[in-house]
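[1] Show me how the following folds:
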Amino acid sequence: MIDGTWAFVYAGDSGMGIGCLVIKDGKLRGTDAGGVKYSGSIAEHPSNGELSIELTMNVPAGTWLVGGAGALDMPHTRNYSFTLPPRFGELAPVDLPVFPGKTIAMFKLVSDEFARFADGFEVRLKSS
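    Okay, the predicted model is just below:
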């Protein structure tokens, strides 16, 4: 089963980021440090464990995507359908087919105490 709270890190041609997903009963929701909200459905293939994902990304205005898509002046939505390895390839880099450019991610099942991050969080840089 893949139900639970998943933390992820990702990188692409234009940068890197972190995020959190909650998966329950074939539905997913989450967010990343850039404020992108994720929703959709996920199905685990019974024979090989591969994950079929239908993903909607709600991208806030002014957000650059790590794959190289420049920021738009208005919020927009991106929809994707793709397959990932069993358990997201847990702790192994996987290519995410989100365009343009190339994006790689790593996922880890974490304690459900982190589920609140799927609703949004902020990362602040500390200056010395």
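[2] From residue 73, how far out is the spatially most central residue of the chain?
    When Cα atoms, centre = their mean is applied to the chain, the residue found nearest the centroid is residue 19 (6.1 Å). Here the criterion is Cβ to Cβ, to the nearest Å. By it, residue 19 lies 24 Å from residue 73. Every residue, glycine included, has its C-beta placed from N, CA and C.
[3] again with residue 44
    To residue 73, residue 44 is 39 Å away according to Cβ to Cβ.
[4] Could you say which helix or strand holds the closest residue to residue 12 other than its chain neighbours?
    Nearest residue to residue 12, sequence neighbours excluded (Cβ to Cβ, 6 or more residues apart in numbering): residue 66, at 3.4 Å. Following DSSP states H and E, there is no helix or strand that holds residue 66.
[5] From here on, call the first residue 55.
    Sure, I'll start counting at 55 from here, so that last one is residue 120.
[6] Just confirm residue 120 contacts residue 157, I think it does.
    Yes - the pair residue 120 / residue 157 is scored as a contact, 5.8 Å apart, by Cβ atoms under 8 Å.
[7] Quick check: neighbours shared by those two?
    Taking Cβ atoms under 8 Å, 6 or more residues apart in numbering as the contact criterion, the residues that touch both residue 120 and residue 157 are 64, 65, 66.
[8] Residue 128: what's it in contact with?
    Per Cβ under 8 Å, 6+ apart, neighbours of residue 128: residue 115.
[9] make it 10 Å
    113, 114, 115, 116 (Cβ atoms under 10 Å, 6 or more residues apart in numbering).
[10] Which single one of those residues is nearest to residue 150?
    Distance to residue 150 across the contacts of residue 128 (Cβ to Cβ) is lowest for residue 113, with 14.7 Å.
[11] list the contacts for that closest one?
    When contacts are counted by Cβ under 10 Å, 6+ apart, residue 113 touches 88-91, 119, 123, 125-126, 128-132.
[12] swap in residue 153?
    Here residue 153 is in contact with 119, 121, 122, 123, 132, 134 (Cβ under 10 Å, 6+ apart).
[13] For it, give its distance to residue 146.
    According to Cβ to Cβ, residue 153 stands 22 Å off from residue 146.
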